[in-house]
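Asks: structure, please.
(chains A and B)
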Amino acid sequence: MSEDPSVAGVSSGSLTPTPDLSPAPPPAAGRPSSKLSPETGWRRAGCFILLLVALHVVVGPKARLSEWRVDATVNPSFAEATAWRSGRLDLDERMHDTALIGGRIYNVYPPLFTFISYAALAGRDLNLWVMGRMGIEPPDASDAVSFPTSWLVGLVALPLVAMGFWALGRATGRSAWAALLCFGWIAGTPVIACLATARGGSINHINHLLSQTGLMLIAAALLGRRRLALALVGLIIAVWSRPLTVAFVLPILWAAWRWDASLRQRRLIAAAAALVLAIGAPMTLNGLKFGSPFETGYAYIYAERTDELAERGRTSLFSPSYAKRNAWYMNLEMPGWEVGSFGIRPVLDSHGAGIWFTTPLLLFAIFGVRHWWADRTRRWLMLGSLPVIVGILCYHNTGYVQPGYYRFVLDFLPIWLVVIAPLTVGDVRSRLALGAVAWSALYFNLIT
Amino acid sequence: MIEQQTDGGPEQADACDATNPSPTPGRDGAPASQPQGGPVESRWRMLGCFLLMLAAMQLTIGPKLLLSQWELLADQDAGVAEGEAWLKGRLDLPPFIGGALDWDYPSLVLRAGENAGDPSHRLHDTAFFTPTGKIYNVFPPLVSILTVLLSPLHRLLLGDQVHMWLQTSFLLLVFWPLPIVGFLVFRRRTGDSAWAALLTLAWMGGTAVLPTLAQARHGYLGGVDHVLSQVGLLILAADLLGKQRIWPGLIGLLISTYTRQMTFLYGIPLLWIALRDVRSGGLPRWNVRRFLFCGAGLAVIAAPLLSLNYLKFGNPLDFGYSYIYEGREDEPMGRRFREHGTFSTHFIKENLYYMHAAPPRIGEITAAGVQISDDNPHSTSLWITTPLAFWVLLSVGSWWRELNCRLLMMGSLLVMAGLVCYHSPGYWAAGYCRFALDFLPIWLLVAAPFTRGGWRTWMTLGCVAWSLLYFQAVV
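Replies: Sure, this is the predicted structure:
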């Protein structure tokens, strides 16, 4: 029988994350306790497979991966990739949230999915060429303007699970608990809503999903074995899909400065280069499309639109005057409830719902502030999320349309989750975490 | 950490997780099935595990169950129709005309003037008793009895209607006993709420219970009876593997027999356990008083069934199954019945195959998963669909030392023997074996304490994951 308090909560012979009844001090803030006995690869693999099964059963019917489809009529980034292949920057036709400037239509979304789409289309061409050389009949030409589903699922949806499990495993040192938290992250946060909506090719939700992988990579790299290169890759992925996440360069720069004095110069140069790449590519595209590297084009997406959101966007994209409304939806908005012969169902506001209500696991970030503040890396990661939150609060859009959830929280939620993960283990905290995960999974299952 | 007070042997230590109390698979005569002297879980922990189990059920099998859509109507369920007929002072059922029961009937022959045995004129699987030209329910009578007992409530709340159940009473009596009784019984057997929650989830989501629940949603009597019988079997087994007070076992047997008659065969181990009293912990001693009490209880259970048979078909031993194929002789099951009778050793080979060896037929395969085809409606191997059942074989050395486990398992073999002689292998059961439900709860409960600890935990988790995945593809 293990008496190691640091492994309280997960019995040695059991995968079930049953909370131990003994009081357990929190694991050393910063990274998992060194007293933890190393897990076998088989155990990690087993936990990962069980996680996949749980996700398949619970999230699968919502995500319906086999039905994922992106084409150039609904996804501006994919349309942009097809335009690039035609030697143009502007799009053929106007679709939702594209910029209209000087009679030309442009994509305004960050460029990662455009790059991916371009690579996928190039890969498809290569495949067709190989098939032609081998005398094989090419597939139906009607598929020519859609993104290959297997690529889409493989690049957007599946990395989430692997990266989340890895990052949370690094944070907790326990595969079973990491699997549970990863399940909570995917099934009990707006991630599941994004998975469900990305099916139709929504670029907003695809970008959210891509950014999750990048943010998890940053958190795992900084809190795990200190691999700066991975953190930089994560930063590029995150910034190229959700630009506000550029604020997480702060903990990365801090880490490059502090980790190892002998490698400081090289690390700082690498971090600076990655930062230049992360913001340089979108800025270059801005310059080419809109004439200024600082013009994102967002102001032009409301051309010829008269709705309330467009009015706000034309007034100002970012303004402190939006903070009150946004803060309400982010933190305090609660869904109503309707009871009838159908059972119980929430009455949802399309501008969002409070993150503390929908994902109470995040309360660990507040109640565990002393623990993560005591660890510099965690502290910097959490501080890095503050500019992101400020940016979100000042944005002219609440995140609409997001019935019953607040999707912008995904711009910092993975970081928070990895930071607080060790705090969720032990005695009462394990039970609270289990309850919070169960609540969130049920809630998001209901609204998605 | 909790200190465990183990007084079992090394095998026990191996079989049970270190943090949990364990049963003592002791020698003959020891009341070995309940946790012995181990730590007592707090009620809060038990409640927490139960709530988490409900949450897991909602997430995994909730979309299949759709509890808000459950309905039980006389027009779909011969049991409710029979209950309504009893309330109207009759034993026979009305004909089924135009998609509804025609209660304004003296006789189908007189009204329709056509072939009285036409199966489209009666509810599915009801008997057309040719000597009298009357239609009868042949399913066991629990749903009929409950319909009568609930009729004052339903009359009050549904405006003098007895042809349907209130959804709340349907769910409270048919669905909710499953997770509650399952959790409590598995908890008593394993001594650990978390493990009990997992096994209950596996039992409800990873066995034929799930498809039968999905059938019960529409009020199909076969599905409702299977679901109800599960609770009876668990109560019976929990008593025999626990405190052996006999009367709870009799109640469990009554529930299971009044929904699945074959399970009356568990009366034999019940009777033997009543006679061989092992509660003292020493050698078994003869207890004639308990034996007589148990025998009387069995008679009380059997008498109404036999009486109903006599009143309907003129013979207490005629359950009426031979009349359900009137006009359906050319259907697959009708043909088998006509050629070999209701029970025959002729069916053994085929039924054994479907129950134990028939592989699932794969239907559509997509990136979202695999669908099980309904090409084979005659059942699919319970070992493939619910590999958790392998624990009964793997732990045979452990449970064999418990007299009551031995007797219960032998009782389950008797039930299985009856099932494999039946003319239907379980039709309709595409992708699962519904007849296995007549013994599977017993097996799971017997093997439950031996399913965790080291590699056992992993194997159990793997089996549970497999079954949950599999039945998602079936339902």
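
Asks: how about the longest helix along chain A: buried residues?
Replies: When chain A is parsed with DSSP state H, its longest helix is helix A:264-290. Residues of helix A:264-290 classed as buried by neighbour count (16 or more other CB atoms under 10 Å in any protein chain shown): A:267, A:270-271, A:274-275, A:278-279, A:281-283, A:285-286, A:289-290. Using the backbone N, CA and C atoms, a C-beta is placed for each residue, glycine as well.

Asks: any chance of TSV for these, columns pLDDT and distance to chain B?
Replies: As requested, the buried residues of helix A:264-290 are exported to TSV (pLDDT from 0 to 100; distance: CB to the nearest CB, whole Å):
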residue	pLDDT	distance to chain B
A:267	95	41
A:270	96	38
A:271	96	39
A:274	97	34
A:275	96	37
A:278	97	32
A:279	97	36
A:281	97	32
A:282	97	32
A:283	97	37
A:285	97	33
A:286	96	37
A:289	96	35
A:290	95	39
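
Asks: separation between the residue in the stretch 201-350 of chain B that chain A sits nearest to and residue B:475?
Replies: Closest approach of the stretch 201-350 of chain B to chain A (CB to the nearest CB) occurs at residue B:205, with a separation of 8.5 Å. Taking CB to CB, to the nearest Å as the measure, residue B:205 falls 9 Å from residue B:475.

Asks: the two: which has the busier surroundings?
Replies: residue B:205 (26 against 18; other CB atoms under 10 Å in any protein chain shown).

Asks: quick one: residues contacting the spatially closest residue to the more buried one that is not a sequence neighbour.
Replies: Excluding its sequence neighbours, the residue lying closest to residue B:205 (CB to CB, 6 or more residues apart in numbering or on different chains) is residue B:61, at 4.4 Å. Counting by CB atoms under 8 Å, 6 or more residues apart in numbering or on different chains, residue B:61 touches B:204, B:205, B:210, B:213.

Asks: quick one on the thing from earlier: let me have the buried residues of helix A:264-290 in CSV, adding distance to residue B:122 as columns.
Replies: Shown next, in CSV, are those (distance: CB to CB, whole Å):
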residue, distance to residue B:122
A:267, 82
A:270, 81
A:271, 80
A:274, 77
A:275, 79
A:278, 74
A:279, 77
A:281, 74
A:282, 73
A:283, 78
A:285, 73
A:286, 76
A:289, 74
A:290, 76
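
Asks: C-terminal to the lowest-mean-pLDDT helix or strand in chain B, what's the next element?
Replies: Lowest by mean pLDDT, DSSP states H and E among the helices and strands of chain B is helix B:10-15, with a mean of 36. Once helix B:10-15 ends, the next helix or strand along the chain (criterion: DSSP states H and E) is helix B:43-60.

Asks: how about that next one as PDB, C-alpha atoms only?
Replies: Output of helix B:43-60 as PDB, limited to C-alpha atoms (Å, rounded to 0.1, in the frame of the first residue of the first chain):
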ATOM      1  CA  ARG B  43     -21.700   8.200   3.200                       C
ATOM      2  CA  TRP B  44     -20.400  11.300   1.400                       C
ATOM      3  CA  ARG B  45     -18.000   9.200  -0.600                       C
ATOM      4  CA  MET B  46     -20.700   6.700  -1.400                       C
ATOM      5  CA  LEU B  47     -23.100   9.500  -2.400                       C
ATOM      6  CA  GLY B  48     -20.300  11.200  -4.500                       C
ATOM      7  CA  CYS B  49     -19.500   8.000  -6.300                       C
ATOM      8  CA  PHE B  50     -23.200   7.400  -7.000                       C
ATOM      9  CA  LEU B  51     -23.700  10.900  -8.400                       C
ATOM     10  CA  LEU B  52     -20.600  10.500 -10.500                       C
ATOM     11  CA  MET B  53     -21.900   7.200 -11.800                       C
ATOM     12  CA  LEU B  54     -25.200   8.900 -12.800                       C
ATOM     13  CA  ALA B  55     -23.300  11.600 -14.500                       C
ATOM     14  CA  ALA B  56     -21.200   9.000 -16.400                       C
ATOM     15  CA  MET B  57     -24.400   7.200 -17.400                       C
ATOM     16  CA  GLN B  58     -26.000  10.300 -18.700                       C
ATOM     17  CA  LEU B  59     -22.900  11.100 -20.800                       C
ATOM     18  CA  THR B  60     -22.400   7.600 -22.100                       C
END
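
Asks: what about the helix or strand that comes right after that helix and chain A, touching?
Replies: Downstream of helix B:43-60, the next assigned helix or strand under DSSP H and E is helix B:62-65. Yes. With CB under 8 Å from any CB of the partner chain as the criterion, chain A is reached by helix B:62-65 at B:62, B:63.

Asks: what's helix B:62-65 packed up against?
Replies: helix B:209-216 (3 or more CB pairs under 8 Å, 6 or more residues apart in numbering or on different chains; DSSP states H and E).

Asks: what parts of the stretch 251-400 of chain A come near chain B?
Replies: A:341, A:342, A:343.

Asks: shaky segments in the stretch 301-450 of chain B?
Replies: Counting by pLDDT under 70, the stretch 301-450 of chain B has low-confidence residues at B:367-368.

Asks: same check, this time on the stretch 51-200 of chain A
Replies: For the stretch 51-200 of chain A (pLDDT under 70), the answer is A:139-145.

Asks: element containing residue A:152, please.
Replies: Using DSSP H and E, residue A:152 falls in helix A:149-152.

Asks: for the residue of the stretch 201-350 of chain A found nearest chain B, which non-adjacent residue is closest in space?
Replies: Nearest residue of the stretch 201-350 of chain A to chain B (CB to the nearest CB) works out as residue A:343 at 4.3 Å. Nearest non-adjacent residue to residue A:343, counting by CB to CB, 6+ apart: residue B:68, 4.3 Å away.

Asks: and that neighbour, what does it touch?
Replies: Neighbour list for residue B:68: A:341, A:342, A:343, B:167 [criterion: CB under 8 Å, 6+ apart].

Asks: in terms of pLDDT, where does the first one sit?
Replies: The one in question is residue A:341. Turning to residue A:341, the model gives it a pLDDT of 71.

Asks: leaving out chain neighbours, which residue sits closest to it?
Replies: residue B:68 (6.6 Å).

Asks: then the second one?
Replies: The shortest distance from residue A:342 to any residue other than its chain neighbours is 5.0 Å, reached at residue B:68 (CB to CB, 6+ apart).

Asks: cool, and residue B:230?
Replies: residue B:441 (5.5 Å).

Asks: what's the answer for residue A:117, then?
Replies: residue A:81 (3.5 Å).

Asks: again, but for residue B:458
Replies: Per CB to CB, 6+ apart, closest to residue B:458 is residue A:46, 5.9 Å.

Asks: surely the one you found and residue B:460 touch.
Replies: No. Counting by CB atoms under 8 Å, residue A:46 stays clear of residue B:460, with 11.7 Å between them.
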